[in-house]
Structure formats: structure tokens, C-alpha cells
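Visitor: next comes the sequence, and after it the predicted model I'd like to discuss.
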Amino acid sequence: MHSAGIWIRLKAFTLDYLWIFLYLILVGLLTVVLAPELQDYFNDSAGVAQLTGFLLVTLPVSLYFAIGDSALFKGTYGKRKMRIRVVDIHEQPTGILRSAVRVIFKFLPWELSHFLVYRLVRLGEDEFPLSLMLIGSVIYLLIFIYILTAIFSKEDRSFYDWMSGTKVIRT
């Protein structure tokens with residue numbers, strides 16, 4: 001089977017992001033209209049705010065991709081529409097564990113960004129710590145590596161595909 005290039009993968013992600021966007025609207029309605037007391041958790045310590053964001057956004061989105069890309073569903077909505085699929089390096093369907101590892105690596109820059117933002121919001125007029133600068137640098141470095149490996153690797157595999165032993169193929 002042929003590998004799926006970066007453009008078809010981007011189209012699939014865009015289709016998936018439409019569902020994620022609808023979910024984010026639902027979370028927004030939940031935290032503003034139906035259960036405004038949830039906003040208090042975002043105003044608590046950086047750790048509590050990040051955990052709340054993780055449980056409401058990152059975890060459900062990660063589960064969508066981990067379960068959707070596994071052998072259970074053979075692809076998220078976007079991947080099925082674009083006729084691509086995540087498989088292991090032997091082109092066998094991925095199990096839930098391998099799919100979850102792939103998602104952890106894939107969304108690592110996203111979660112690091114959340115970590116950074118929650119700390120920056122509380123920084124105020126204090127000096128910008130070197131540790132936060134390093135985290136910001138790691139975020140951009142990972143994104144850069146992910147994009148470059150997806151574009152220039154032999155099988156169009158991103159860094160997170162290499163780390164999880166997966167690849168995306170056309171079906």
C-alpha cells in the first residue's frame with residue numbers, strides 16, 4: 001500500500017477538527033451556561049486549571065484519535081473520509097495501546113502548550129523564567145520536527161509515527 005502524504009493527512013485532520021470544534025463549542029456551553037461553577041477550577045492553581053483543561057478537552061480529544069485510529073474503528077471520521085488508515089510498520093491494524101502511544105507523542109506539543117499557557121497567565125509582572133522559555137522552545141522544536149519528518153521522510157512518517165511504530169497509508 002502507498003503511504004499517505006502530508007496533504008491528505010492534513011485534509012483528514014481538518015475533517016476531524018470539525019468534530020473537535022463542535023465538541024469545544026459544547027464544552028464552552030457547558031462551562032458558561034449549564035455549569036458556570038466549572039470556571040472556578042480554571043481560576044484555581046495552575047495545576048488544577050491544567051488538570052481541568054486536560055479532563056475536559058485533551059483527554060476526550062486524545063481518546064477520539066486513539067480509539068478511532070485503532071483497529072476498533074479503522075480510522076477517525078476524517079481518515080475514513082480521506083481513505084487513509086493508521087497501521088503498524090508491517091501494515092497491520094494498530095491496537096489501542098500503540099494507537100494511544102501515537103496520540104501521546106502527537107499531542108505532546110499541544111499539552112506542553114497548555115502547561116506553558118497556564119503558567120504564563122499566572123506570571124503577571126514577574127520575570128519570565130528560563131524554564132518556561134525552554135518549554136516554549138521545546139514546543140516549537142517538536143512542531144518543526146513533526147512537520148519536517150512528515151514532509152521529508154521516505155514513507156511520509158512523522159516523528160510521532162516513528163516513535164510509535166506506525167505509519168499512515170492509503171486504503
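Guide: Cool, the structure landed.

Visitor: for Asp88, grab phi and psi.
Guide: Torsion angles at Asp88 (phi, psi; degrees, to the nearest 10) stand at phi -80, psi -180.

Visitor: what about it, distance to Asp161?
Guide: 10 Å (C-beta to C-beta, to the nearest Å). Quick note: C-beta positions are derived from backbone N, CA and C, even for glycine.

Visitor: name the SS class of Arg157, please.
Guide: coil (DSSP: H, G, I helix; E, B strand; the rest coil).

Visitor: what about the nearest residue to it once chain neighbours are set aside, which helix or strand?
Guide: Once flanking residues are discounted, Arg157 sits nearest to Lys167: 5.0 Å by C-beta to C-beta, 6 or more residues apart in numbering. Secondary structure assignment for Lys167, by DSSP states H and E: strand 166-170.

Visitor: quick check: mean pLDDT across that strand?
Guide: With pLDDT averaged residue by residue, strand 166-170 scores 96.

Visitor: by contact count, what packs against that strand?
Guide: strand 84-88, helix 96-106 (3 or more C-beta pairs under 8 Å, 6 or more residues apart in numbering; DSSP states H and E).

Visitor: go again using 10 Å as the cut-off
Guide: Packing partners of strand 166-170 (3 or more C-beta pairs under 10 Å, 6 or more residues apart in numbering; DSSP states H and E): helix 6-29, strand 84-88, helix 96-106, helix 159-164.

Visitor: can you convert these into TSV and add a column each for mean neighbour count and distance to Ala46?
Guide: Listed next are those as TSV, based on neighbours: other C-beta atoms under 10 Å; distance: least, C-beta to C-beta, whole Å:
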stretch	mean neighbour count	distance to Ala46
helix 6-29	14	20
strand 84-88	22	33
helix 96-106	19	21
helix 159-164	20	26
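
Visitor: among these, which is nearest Phe144?
Guide: Smallest distance to Phe144 across the helices and strands packed on strand 166-170 (C-beta to C-beta): 9.8 Å, for helix 159-164.

Visitor: any weak-confidence spans in this structure?
Guide: Residues of the chain meeting the criterion pLDDT under 70: none.

Visitor: Leu72 against Val86, yeah?
Guide: No. With contact defined as C-beta atoms under 10 Å, Leu72 does not reach Val86; the gap is 11.7 Å.

Visitor: mutual contacts of those two, please.
Guide: Listed as contacting both Leu72 and Val86 by C-beta atoms under 10 Å, 6 or more residues apart in numbering are Pro93, Thr94, Ser99.

Visitor: looking at these, spot the one nearest Ser3.
Guide: Nearest to Ser3 among the shared contacts of Leu72 and Val86 is Thr94, at 15.0 Å by C-beta to C-beta.
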